[in-house]
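> Pasting the sequence and the predicted model now:
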Amino acid sequence: MHVCMLLPERFPPDIRVRKEASALRAAGHSITLLCRGGPTEQSFARLDGIDVERLPADRLFAGLSGMIDGLRYVASAVHPAWQRAVRELDRQNPIDALHIHDLPLVQTGLALGEELDVPVVADLHENYPEAARQIQQMRGWGEIARDPEALVQRVAFAPWRLKRLERECVRRADRTVTVCEEARAHYIRDCDAEPADVTVVSNTVDLDAFAGDVEPPTTLDHDPDSFVVSYVGNFTRHRGLDTLVEGFAQLVEESPDAELLLVGTGNDNYVAGLKALARSLGVREQVTFTGWVDFADVPRYLAASDVSAVPHAATAHTETTVPHKLFQAMAMGVPVVASDVAPLARIVGRTDCGLVTPAGDGDALGTALTELTEEDRASDCGENGRAAVEDEYNWARDGQRLCTLYDGLRAEG
């Protein structure tokens, strides 16, 4: 099958998109990914056998035609520029299925699916309406008003409208792909999806990429004998990093040489607040903000870690998603401290790969970190995590689930 994927963001670096496209290509499908492009990026590239065609972001809403396209998108959630790109691709190389990554372009994909008479797979990476709510609350109207695109999104696609769009899209899509059982239950319960049409393809990892036999980055300036706590991922409020800093400060009372490694980047104001919090708690010098790192380097930062934290706040978003970082730490044999949002609590509790603490409770998180300074306990958790990803939580299994979904579409078509 020729599968056309739509991604409303730039590519790379989305690792989930890369894994899915590679899995389908290995199963014999051809993949064309249409994505948003940056001003300096080539309009076409071939990456790992995947054809990547980019729509320049600076032209999507530029000029009179771009403004008209934008107004049509706001009115209908169907974007004419993406429609034109897909029609042209289909003219050159007929499309057999549309695979839409995340909610903003699913309605566009559904319109094209009807027009081209091909099945549509809605791949919902997260609870998008609730993620948008969290981001908007964190940024506030003052910051949003200074960003024209964010302002349009906030006004035209408020969370209530996104939730209505989510329900419609899930009901109409031929298949829905999601990341965890809790999200699947949400789509069946709240969006009236048919259970047989919703498949979990989780954010698990390629075991070869996270084999555990790598050295920490040479650029890290830290004592190799210190106890290192890490977090890897985006820096936004619902990730619970303020709770992590509070818990780390409590750990330092018992382990004065401990270090906190925050790997990633995010909202500037939120990051500034984290630095101020660390300073107020007297641990700023022991907290390292690495900034963005290449995905290929993530195993090296985990190799420097004694514990990895996934301290998500309890929100409707985090209760229905599971992040890559959990499985990355497990694959590296690094014990985990996670908050008790449903997907994290279920997996960490089931596998005994670490400890679960109440979301938003810095004291409890600090106690858990202190418990994992005990080497035997930490070693047991790390070994349990690695065993769990080898047996169950790995991309070989999840990639096969995706391929099986497409086998079903091909049989039906």
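Ah, there it is.
> the domain parsing of the chain - what is it?
In the domain annotation for the chain, the residue ranges read 2-204+395-412, 228-391 (automatic domain parsing).
> show me the contacts for the spatially most central residue of the chain.
In the chain, the residue lying closest to the centroid (Cα atoms, centre = their mean) is residue 323, at 5.8 Å. By Cβ atoms under 8 Å, 6 or more residues apart in numbering, the contact set of residue 323 is 203, 233, 310, 312. From N, CA and C alone the C-beta is placed, and that goes for glycine too.
> Output these in a markdown table; the columns should cover pLDDT, distance to residue 195 and neighbour count.
Shown next, in a markdown table, are these (pLDDT from 0 to 100; distance: Cβ to Cβ, whole Å; neighbours: other Cβ atoms under 10 Å):
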| residue | pLDDT | distance to residue 195 | neighbour count |
| --- | --- | --- | --- |
| 203 | 96 | 21 | 22 |
| 233 | 94 | 31 | 20 |
| 310 | 98 | 28 | 27 |
| 312 | 97 | 26 | 27 |
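> wait, residue 133 sits on residue 237?
No - using Cβ atoms under 8 Å, residue 133 is not in contact with residue 237, being 11.1 Å away.
> Kindly format the C-alpha coordinates of stretch 89-108 as CSV.
Extracted C-alpha coordinates of stretch 89-108, given in CSV (Å, rounded to 0.1, in the frame of the first residue of the first chain):
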residue,chain,number,x,y,z
LEU,A,89,0.6,13.5,-4.6
ASP,A,90,-2.3,11.2,-5.4
ARG,A,91,-2.1,12.3,-9.1
GLN,A,92,1.5,11.4,-9.2
ASN,A,93,1.4,8.2,-7.1
PRO,A,94,-2.1,7.0,-6.2
ILE,A,95,-2.7,6.8,-2.4
ASP,A,96,-4.1,3.7,-0.8
ALA,A,97,-4.5,5.0,2.8
LEU,A,98,-4.2,8.2,4.7
HIS,A,99,-2.5,8.2,8.1
ILE,A,100,-3.1,11.4,10.0
HIS,A,101,-0.8,12.3,12.9
ASP,A,102,-2.6,14.2,15.7
LEU,A,103,-5.9,16.0,15.8
PRO,A,104,-5.4,19.2,13.8
LEU,A,105,-5.3,17.6,10.4
VAL,A,106,-7.7,14.6,11.0
GLN,A,107,-10.7,16.5,9.6
THR,A,108,-8.7,17.4,6.5
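> in it, what counts as buried?
If you call a residue buried by 16 or more other Cβ atoms under 10 Å, then stretch 89-108 has these buried ones: 89-90, 95-108.
> again with stretch 196-209
Neighbour-count burial for stretch 196-209, counted by 16+ other Cβ under 10 Å, picks out 197, 198, 199, 201, 202, 203, 204, 205, 206, 207, 209.
> cool, and stretch 75-92?
Buried residues in stretch 75-92, defined by neighbour count with 16+ other Cβ under 10 Å: 77, 78, 79, 80, 81, 82, 83, 85, 86, 89, 90.
> how about the residue nearest to the first one when sequence neighbours are not counted, what does it touch?
In this case it means residue 77. Residue nearest to residue 77 in three dimensions, not counting chain neighbours: residue 107, with 3.9 Å by Cβ to Cβ, 6 or more residues apart in numbering. For residue 107, the contacting residues are 76, 77, 78, 165, 168, 169, by Cβ under 8 Å, 6+ apart.
> could you point out which element follows whichever helix or strand residue 107 is part of?
Using DSSP states H and E, residue 107 sits within helix 106-116. For helix 106-116, the succeeding helix or strand toward the C-terminus, using DSSP H and E, is strand 120-123.
> Point out the other elements, helices or strands, that that following strand touches.
Counting contacts by 3 or more Cβ pairs under 8 Å, 6 or more residues apart in numbering; DSSP states H and E, strand 120-123 is packed against strand 97-101, helix 106-116, helix 159-172, strand 175-178.
> just these: most buried one?
Ranked by mean neighbour count, these are led by strand 97-101 with a mean of 26 (mean count of other Cβ atoms under 10 Å).
> how about the helices in the stretch 251-400 of the chain?
Assigned by DSSP state H, counting those that start in this stretch, the stretch 251-400 of the chain shows helices spanning 268-280, 298-303, 324-331, 342-351, 362-371, 375-391, 395-412.
> out of these, nearest to residue 123?
Smallest distance to residue 123 across these (Cβ to Cβ): 9.0 Å, for helix 395-412.
> Could you check the angle the closest one makes with helix 375-391?
Orientation of helix 395-412 against helix 375-391 (axes from the mean of the first three to the mean of the last three Cα atoms, to 10 degrees) gives an angle of 20 degrees.
> Need the pLDDT of residue 58.
pLDDT, residue 58: 69.
> Check residue 148 too.
Reported pLDDT at residue 148 in the predicted model: 69.
> swap in residue 323?
Listed pLDDT for residue 323 reads 95.
> ok, the buried residues of stretch 89-108 vs residue 281, which is closest?
Using Cβ to Cβ, residue 102 comes nearest to residue 281 of the buried residues of stretch 89-108, at 36.3 Å.
> Next, the closest one: phi, psi?
Dihedral pair for residue 102: phi 80, psi 160, per degrees, to the nearest 10.
> does it really touch residue 127, like I thought?
No - assessed by Cβ under 8 Å, residue 102 is found out of contact with residue 127, at 10.8 Å.
> Where does pLDDT dip in the chain?
Filtered on pLDDT under 70, the chain yields the residue ranges 58-59, 61, 141, 144-145, 148-152, 155.
> hang on, the earlier thing: in JSON lines: the helices of the stretch 251-400 of the chain, plus mean neighbour count.
Shown next, in JSON lines, are the helices of the stretch 251-400 of the chain (neighbours: other Cβ atoms under 10 Å):
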{"stretch": "helix 268-280", "mean neighbour count": "15"}
{"stretch": "helix 298-303", "mean neighbour count": "22"}
{"stretch": "helix 324-331", "mean neighbour count": "27"}
{"stretch": "helix 342-351", "mean neighbour count": "20"}
{"stretch": "helix 362-371", "mean neighbour count": "21"}
{"stretch": "helix 375-391", "mean neighbour count": "17"}
{"stretch": "helix 395-412", "mean neighbour count": "16"}
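> I am finished for the moment; much appreciated.
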